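Chemist: Predicted structure and sequence below. I'll ask about it afterward.
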Amino acid sequence: MEESNDRISPSARPGGSFKSTLSGRSTPRTSPSFRRLNSGRTPRREARSIFTSSQRFRGNRVLLWLLLITLWAYLGFLVQSRWAHSDKNDEFSGFGIGGKLSDTNPDVEQSRHHDLAAGDNSLSLNNHTIKHEVWDGEKMTVALPQKEDSVPPPRKTSSKKKSRRSRSRGRARRKLKPTVEVENSNIEDLDSEIPKKNSTYRLLVGPFGLTEDKILEWSPEKRSATCNRKGDFARLVWSRRFILIFHELSMTGAPLSMMELATELLSCGATVSAVVLSRKGGLLPELARRRIKVLEDRADNSFKTAMKSDLVIAGSAVCASWIEQYIERFPAGASQVAWWIMENRREYFDRSKSVLHRVKQLVFLSELQSKQWQKWCDEENIKLRYQPALVPLSVNDELAFSAGIPSTLNTPSFSTEKMLEKRQLLRDAVRKEMGLTDNDMLVMTLSSINPSKGQLLLLESASTIVEHGQLQDNKTIKKSSDMGEGLSTLARRHHIRSLMQLLNADDGTLHDMSSLHLNRRRVLSNNKAPLEQSLRILIGSVGSKSNKVDYVKGLLTFLSQYSNLSNSVLWTPATTRVASLYSAADVYVINSQGLGETFGRVTIEAMAFGLPVLGTDSGGTLEIVEHNVTGLLHPTGRSGNPVLAQNLRFLLANRSAREQMGSEGRKKVRRMYLKQHMYKRFVEVIVRCMRSK
């Protein structure tokens, strides 16, 4: 009965409280057992105070994290700003002279005698090792060991271990396969009729990247670009996302211009991704060096990335297929596409006419090109959305800096006056390596070697000067399409016979490099000319993926008919290090045929280095070269050969005229064709096309 009363009226006891136990019994609060069981409990008031303090602690921790994030963002912005504007940015990026990641292999730099199109593909079967050496301004080697005798005999293992190893090897091979394919894709298929020897071009010089670095005490690796953050261009692109479409990666005008545009966007704080439709060419390592992200996918992934971007810039008419698929996938994206077309031939218009009217803005390089494309549009009843914009190309900061023109790269220790002195030293050193004297006038043409660039017509014009005779009629001169026949006998007989004693019969390497240089200088010095100066011609770019092999064979065949002219011609590989070549030259020739050059990036680069330009009176050359002011013009086709020969004779005999025209050309570049001029025009395109925030 007492027990039941205790359970029914727990409040009867003063201060009494019961707690059920597992056994069903209740324990009073005052009992020792209750105090032991509940000794860890916290009183209610004490719990409230602890909860309040924890809330305060959590709030302070969030505030502390916000302060740390703000401080970290400020430090990142400060470091980025110093890296972009400081002339010692190599301390941040690791590309300084002391510890830079050089793109040029010294062994390759010292060997200035290379193969026809892309280098030397050597197969060493004795060692069972396949090596591919690619020449695009650097040396790249892929070694695939295949000899199993050199590997120790495998240990006896169980079948399970063997299967595991075979699966892991299979996965490793699958991982390595894409790398080999990418590197092999830079290897151009060579024509079997052309000797794969160093003497294919007889006198192959350059590139001179190491010479530039040594004399100028500066290299592009130290800084790719600097952004004028106070300009309208920088304010527009800051924190924006851009997609740039490359049609290929050859070292020609369009890919180089797109690469420099991407570099400038990155320097101004934008996010840039590149879509490469064809990896043909040697610019992929340069894109990686400049930290330009290349999307692996050219379809779905690139479309999705473009949809999220603020602006899409396509850099060639060849990009028409990608643009058409992108607009079909994302119709609204057409309003964020700026199409920078750099071609001026009808076949390119026919490839792109189906989407010309769908993009927001067409951009052309010259007034003549714009009028020509609008005329074709009128013929096809194509109505453009807006009037095309004009954005001519420019001389990049690196070349302007090397030429002694004020640029963003100048510092007190690298003033324009100092760079002019260094450029003269560079000229003397490079001409000495080429075997030239002060009595030689070096005429240079740098472009892909194909019929539209007119190298054969230049050689025909030069033959009337070097061979001391009149130009033969058209019947006796073979056309470029027929000159591929008989190359192997003529070229070998004329170009290789004098050098075979210097070649190792087993591997084709030079037996005595110093003897070859002495022989080259002896050949050049023995070629006397009755004029005050001797004519020398430098042709590039050997190894360019845009070269036409049949046309190259035609040039070699033509040279085999004229020994004096052949001894006066030098060749140079494709490279992005061209400041040394412009410094060494005296005259530049832009001999583009047909409708002429769309603009002529090399034309303004040559003018920046004070070279008079001999160009055809068509295309963009007419807008750049002023006749008898910055150069001399001549007609296209073979009818222009006598005029071109006459212009060469005039400059050969008048050094003062060369210097005066070169000086006027430099002034025009500083007035119209520097980087700030191009990006000022780009502002209008960006404002019209870029998605507003």
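Modeler: It's in. Numbering: from 1, shown residues only.
Chemist: Now residue 599, what are its backbone angles?
Modeler: phi -140, psi -60 (degrees, to the nearest 10).
Chemist: who's in contact with it?
Modeler: Taking CB atoms under 8 Å, 6 or more residues apart in numbering, we find residue 599 in contact with 253, 342, 365, 366, 369, 392, 393, 619, 620, 624. To be clear about C-beta, it is placed using only N, CA and C from the backbone, and glycine gets the same treatment.
Chemist: roughly how far apart are it and residue 338?
Modeler: Here residue 599 is placed at a distance of 17 Å from residue 338 (CB to CB, to the nearest Å).
Chemist: farthest-separated two in the contacts of residue 599?
Modeler: The distance between the two most remote of these (CB to CB) is 14.9 Å, for 342 and 624.
Chemist: where's residue 570 relative to residue 536, distance?
Modeler: Distance from residue 570 to residue 536, counting by CB to CB: 7 Å.
Chemist: These two: which is more packed in?
Modeler: residue 536 (26 against 23; other CB atoms under 10 Å).
Chemist: Show me what the more buried one bridges to in the sheet.
Modeler: In this entry, residue 536 is beta-bridged to residue 442, by DSSP bridges.
Chemist: Could you check how many residues crowd around residue 410?
Modeler: Per other CB under 10 Å, the neighbour tally for residue 410 reads 18.
Chemist: quick thing: my sequence starts at 813, can you match it?
Modeler: Let's use 813 as the start, then, which means that last one is residue 1222.
Chemist: residue contacts, it?
Modeler: Counting by CB under 8 Å, 6+ apart, residue 1222 makes contact with 1213, 1228, 1231.
Chemist: What of residue 1132?
Modeler: Residues in contact with residue 1132 (CB under 8 Å, 6+ apart) are 1163, 1164, 1166, 1167.
Chemist: now do 6 Å
Modeler: 1163, 1164, 1167 (CB atoms under 6 Å, 6 or more residues apart in numbering).
Chemist: Run a quick neighbour tally on the second one.
Modeler: In other words, residue 1164. Neighbour tally, residue 1164, other CB under 10 Å: 24.
Chemist: on that earlier part again, now the contacts of residue 1132 as CSV including secondary structure and distance to residue 1474?
Modeler: Below are these laid out as CSV (DSSP: H, G, I helix; E, B strand; the rest coil; distance: CB to CB, whole Å):
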residue, secondary structure, distance to residue 1474
1163, helix, 39
1164, helix, 38
1167, coil, 42
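Chemist: From these, pick the one nearest residue 1069.
Modeler: Nearest to residue 1069, judged by CB to CB, of those is residue 1164 at 17.9 Å.
Chemist: nearest residue to the closest one other than its sequence neighbours?
Modeler: The spatial neighbour of residue 1164 that comes closest, neighbours along the chain excluded (CB to CB, 6 or more residues apart in numbering), is residue 1132 at 3.8 Å.
Chemist: Worst mean pLDDT across the helices and strands of the chain, which element?
Modeler: strand 951-957 (a mean of 32; mean pLDDT, DSSP states H and E).
Chemist: can you give me the strands in the stretch 1063-1212 of the chain?
Modeler: Along the stretch 1063-1212 of the chain, counting by DSSP state E, counting those that start in this stretch, strands occupy 1083-1088, 1105-1107, 1123-1126, 1149-1152, 1173-1176, 1201-1202.
Chemist: Nearest to residue 1471 among the ones you listed would be which one?
Modeler: Within the strands of the stretch 1063-1212 of the chain, the stretch nearest residue 1471 is strand 1201-1202; the backing value is 31.5 Å (CB to CB).
Chemist: okay, and for this protein, where does confidence drop off?
Modeler: Applying pLDDT under 70 to the chain picks out residues 813-871, 890-1013, 1032-1037, 1280-1344, 1503-1505.
Chemist: repeat that for 80
Modeler: 813-871, 888-1014, 1031-1038, 1280-1345, 1503-1505 (pLDDT under 80).
Chemist: What's the local residue count around residue 1188?
Modeler: Residue 1188, neighbours per other CB under 10 Å, totals 15.
Chemist: mind listing what it touches?
Modeler: Taking CB under 6 Å, 6+ apart as the test, what residue 1188 contacts is residue 1161.
Chemist: Ok, residue 1347 next?
Modeler: 1253, 1277, 1278.
Chemist: okay if I get the residues you listed as JSON lines plus neighbour count and distance to residue 1088?
Modeler: Formatted as JSON lines, the contacts of residue 1347 follow (neighbours: other CB atoms under 10 Å; distance: CB to CB, whole Å):
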{"residue": "1253", "neighbour count": "23", "distance to residue 1088": "40"}
{"residue": "1277", "neighbour count": "22", "distance to residue 1088": "43"}
{"residue": "1278", "neighbour count": "23", "distance to residue 1088": "42"}
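Chemist: Distance to residue 1355 added to those residues, as TSV?
Modeler: Shown next, in TSV, are the contacts of residue 1347 (distance: CB to CB, whole Å):
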residue	distance to residue 1355
1253	26
1277	28
1278	26
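Chemist: Just the closest of those residues to residue 1391, please.
Modeler: Using CB to CB, residue 1253 comes nearest to residue 1391 of the contacts of residue 1347, at 19.8 Å.
Chemist: so that closest one sits right up against residue 1400, yeah?
Modeler: No. With contact defined as CB atoms under 6 Å, residue 1253 does not reach residue 1400; the gap is 11.8 Å.
Chemist: Check the spacing between residue 1073 and residue 1252 real quick.
Modeler: Residue 1073 is 37 Å from residue 1252, where distance means CB to CB.
Chemist: Just give the nearest non-adjacent residue to residue 1123, would you?
Modeler: Leaving out its chain neighbours, the residue that sits closest to residue 1123 by CB to CB, 6+ apart is residue 1502, at 4.5 Å.
Chemist: what number of residues lie near the one you found?
Modeler: As a burial measure, residue 1502 scores 21 neighbours (other CB under 10 Å).
Chemist: Equivalent analysis for residue 1244, please.
Modeler: Residue 1244: 13 surrounding residues under other CB under 10 Å.
Chemist: For it, give its distance to residue 1017.
Modeler: Distance, residue 1244 to residue 1017, by CB to CB: 11 Å.
Chemist: what do you get for residue 1458?
Modeler: 28 Å.
Chemist: what's the answer for residue 1476, then?
Modeler: Per CB to CB, residue 1476 is found 29 Å from residue 1017.
Chemist: Same drill for those two, tell me which one is more crowded.
Modeler: More neighbours surround residue 1017 than the other of residue 1476 and residue 1017, with 22 against 17 (other CB under 10 Å).
Chemist: doesn't residue 1246 make contact with the more buried one?
Modeler: Yes. Under the criterion of CB under 6 Å, residue 1017 makes contact with residue 1246 at 5.1 Å.
Chemist: tell me what whichever strand or helix holds residue 1362 is packed against?
Modeler: Element membership for residue 1362 (DSSP states H and E) is helix 1361-1372. The criterion is 3 or more CB pairs under 6 Å, 6 or more residues apart in numbering; DSSP states H and E, and the helices and strands that helix 1361-1372 contacts are helix 1299-1303.
Chemist: again, only this time at 7 Å
Modeler: On a contact count with 3 or more CB pairs under 7 Å, 6 or more residues apart in numbering; DSSP states H and E, helix 1361-1372 meets helix 1267-1278, helix 1299-1303, helix 1375-1380.
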